[in-house]
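Undergrad: Got a predicted model here, sequence first, then my questions.
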Amino acid sequence: MKFLHASLAAVMFLGVATCSWGAPLSLQECLQKAHGNNPALKSAAWDSRIAEENSRLASVGTYPRIDATAGYTMQLEPQAVKMLGITAETQEPNFAFAGIAATYTIYDFGRRDARIRQASATTEAAVQAFMFSKGDVALQVIEAYFRILEAGRLLQAADEEVAQITEHRRVAQVLFEEGVVTRNDVLQAEVRIASAVQKRLAVSNSRENGWLLLNYLTGDDPGFRGELDESTTLSSANLTETGNSDTPINRHDIKAQKQTLEAREFEVRENRENYLPEIYTRLGVDYAQNDKVREQAIYSATVGIRVNLFDGFASQAAHEKAVKQRSRQQDALRMAEQHALLEIRTARNDAGIAKERIRVTETAIRQSEENLRINKERYQERVGIASEVLDAQTLVTQAKTDYYRALYDYQTATARLQNSLGEL
């Protein structure tokens, strides 16, 4: 029995100590920390940066290509010509050469433009995907924040239950020593105390895990603990709105899917135009060491046309692949829009039910507390039994537990609704 009381005191001391660590911490501060320090967001940020470089890579076609070459050639015999039985060498057996040329595509029937616009759409899709990741992380932070607050309230309810049952055990012990009740009443109280302590330990563990998750999301040290703002609430203006508000026009994941579809459209256009010719210009200087000719450096300007006649059906395969990827992306966009509508309606339903649960459980708390008061008085006047008091206390704890869970379920459902609408 002494061990039980010592354990209970240690648990309650640790709970109080845990709540006192750290400085006050608002939800907004947690969100700001997550946006700057969350490891998933740091990783996702690279996608948009890489996409920007791909966009720059696609735009190189708007500039001329300049190539330089140089080398030294050694031949077994120099090239020569025969005229009227006379053989005359036209080059040196060993010679150096160099050249520089600038090539620019004047017109390729839209391939270059399609490639640039495809890269631009892909970059915007990456940006929108990153913004969606930010919203998703924000939702996780909000859920973790409110779950910690919920666990704190449940700990209070558990402490009250332990205190009430401990007081009931004291009364039962006094009545037992007076010979009014049997020892069974004392034993029942001790068993209920042990059960209440176990429930408190489970809630305390849930709160500790919530802190670990919140610290991970915000990039804080795992051992950090702060005092959360109990008055934190979220706006619920969208809970009663229906109809057009269910259209997820602000969702970043939908925008990302639309940008990806646009990129697929330009990919199809680019590959369809691979069958068309390309008009280009070339300016060059080519030098070959050769003292047998008058001009060793040749300056040239070329306007030409290139067209692929056969590439092993590679162009056809690339076009068919682009068409199928576009079709897949169209289906992906439709699925994302349907899933977004499901999230919106589910979150709105959950929030509405949680709000009703709050109203019901508020009444249940008052009724359960009155029921406990009546049963305690009946027991002390020796017209009631111990199990009625213990059951009444369990009802009080259950009513408070239901209320706190409904309260914070309402907040998290509100956050989910805002996130599903793209407003988080």
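TA: Alright, I've got the coordinates. What you are looking at is a predicted structure, and each value in this text was computed from that prediction instead of being measured.
Undergrad: for this structure, what spans make up the helices?
TA: 2-20, 27-37, 39-58, 111-177, 183-218, 252-272, 314-380, 386-420 (DSSP state H).
Undergrad: wait, which of these is closest to residue 78?
TA: Proximity to residue 78, assessed across the helices of the chain by Cβ to Cβ, is greatest for helix 314-380 (40.7 Å). C-betas here are computed from N, CA, C, even on glycine.
Undergrad: That closest one versus helix 252-272: what angle between them?
TA: Counting by axes from the mean of the first three to the mean of the last three Cα atoms, to 10 degrees, helix 314-380 points 170 degrees away from the direction of helix 252-272.
Undergrad: next one: helix 314-380 to chain centre, how far?
TA: Here the centre of helix 314-380 is set off from its chain's centre by 17 Å, with Cα atoms, centre = their mean, to the nearest Å.
Undergrad: That one packs against which elements?
TA: Applying 3 or more Cβ pairs under 8 Å, 6 or more residues apart in numbering; DSSP states H and E, one finds that helix 314-380 contacts helix 111-177, helix 252-272, helix 386-420.
Undergrad: mind giving me TSV with those helices and columns for mean neighbour count and distance to residue 92?
TA: TSV is the format used below for the helices and strands packed on helix 314-380 (neighbours: other Cβ atoms under 10 Å; distance: least, Cβ to Cβ, whole Å):
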stretch	mean neighbour count	distance to residue 92
helix 111-177	20	42
helix 252-272	20	47
helix 386-420	21	76
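Undergrad: any chance of the ones you listed in a markdown table, plus distance to residue 93 and mean pLDDT?
TA: A markdown table is the format used below for those (distance: least, Cβ to Cβ, whole Å; pLDDT from 0 to 100):
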| stretch | distance to residue 93 | mean pLDDT |
| --- | --- | --- |
| helix 111-177 | 44 | 94 |
| helix 252-272 | 48 | 94 |
| helix 386-420 | 77 | 94 |
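Undergrad: can you put these in CSV and add distance to residue 76?
TA: As requested, the helices and strands packed on helix 314-380 are exported to CSV (distance: least, Cβ to Cβ, whole Å):
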stretch, distance to residue 76
helix 111-177, 45
helix 252-272, 47
helix 386-420, 76
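Undergrad: re the thing from before, between the helices of the chain, which one is closest to residue 232.
TA: Here helix 27-37 is closest among these (Cβ to Cβ), at 4.9 Å.
Undergrad: just to revisit the earlier point, present the helices of the chain as a markdown table; the columns should include distance to residue 87.
TA: Formatted as a markdown table, the helices of the chain follow (distance: least, Cβ to Cβ, whole Å):
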| stretch | distance to residue 87 |
| --- | --- |
| helix 2-20 | 101 |
| helix 27-37 | 80 |
| helix 39-58 | 53 |
| helix 111-177 | 50 |
| helix 183-218 | 84 |
| helix 252-272 | 54 |
| helix 314-380 | 47 |
| helix 386-420 | 86 |
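Undergrad: The ones you listed: which one's closest to residue 81?
TA: Of these, nearest to residue 81 by Cβ to Cβ is helix 314-380, at 41.6 Å.
Undergrad: That closest one to helix 183-218, inter-axis angle?
TA: Computed by the same axes, to 10 degrees, the angle separating helix 314-380 from helix 183-218 equals 150 degrees.
Undergrad: Contact partners for the residue nearest the centre of the chain?
TA: Against the mean C-alpha coordinate of the chain, by Cα atoms, centre = their mean, the closest residue is residue 133 at 3.5 Å. By Cβ atoms under 8 Å, 6 or more residues apart in numbering, residue 133 lies in contact with 40-41, 44.
Undergrad: Of those residues, just say which sits nearest to residue 336.
TA: After measuring the contacts of residue 133 against residue 336 - Cβ to Cβ - the closest member comes out as residue 44, at 17.5 Å.
Undergrad: Next up, the contacts around the closest one.
TA: With contact taken as Cβ under 8 Å, 6+ apart, residue 44 is in contact with 129-130, 133.
Undergrad: hmm, 10 Å instead?
TA: Each residue near residue 44 by Cβ atoms under 10 Å, 6 or more residues apart in numbering is listed here: 38, 126, 129-134, 136-137.
Undergrad: Could you measure from it over to residue 131?
TA: According to Cβ to Cβ, to the nearest Å, residue 44 and residue 131 sit 10 Å apart.
Undergrad: what do you get for residue 146?
TA: Using Cβ to Cβ, residue 146 is found at 23 Å from residue 131.
Undergrad: got the buried residues for the longest strand along the chain?
TA: Ranked by residue count under DSSP state E, the longest strand found in the chain is strand 94-107. Buried positions in strand 94-107, judged by neighbour count with 16 or more other Cβ atoms under 10 Å: 95, 99, 101, 105.
Undergrad: residues near the closest residue in space to the second one that isn't next to it in sequence, how many?
TA: In other words, residue 99. Among residues not flanking residue 99 along the chain, residue 286 sits closest, at 4.1 Å (Cβ to Cβ, 6 or more residues apart in numbering). Other residues near residue 286 come to 15 when the count uses other Cβ atoms under 10 Å.
Undergrad: Ok, the one 5 residues further on next?
TA: Per other Cβ under 10 Å, the neighbour tally for residue 291 reads 9.
Undergrad: Can you name the residues that contact it?
TA: Shown in contact with residue 291 (Cβ under 10 Å, 6+ apart): 91-92, 95.
Undergrad: Tell me the one of the contacts of residue 133 nearest residue 212?
TA: For the contacts of residue 133, the nearest to residue 212 is residue 40 (15.8 Å; Cβ to Cβ).
Undergrad: so that closest one makes contact with residue 217?
TA: Yes - here residue 40 reaches residue 217: they are 8.5 Å apart, a contact under Cβ atoms under 10 Å.
Undergrad: between these two, what contacts are shared?
TA: Counting by Cβ under 10 Å, 6+ apart, the common neighbours of residue 40 and residue 217 are 34, 137, 140.
Undergrad: pretty sure the first one contacts residue 140?
TA: Right, residue 34. Yes - between residue 34 and residue 140 there is a contact under Cβ under 10 Å: 8.1 Å.
Undergrad: what do these two both touch?
TA: 40, 214, 216-217.
Undergrad: Only the buried subset of the residues you listed, as a ChimeraX command please.
TA: In ChimeraX, this line selects whichever of the shared contacts of residue 34 and residue 140 come out buried by 16+ other Cβ under 10 Å:
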select :214,216,217
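Undergrad: what's the most distant pair in the shared contacts of residue 34 and residue 140?
TA: 40 and 214 (14.2 Å).
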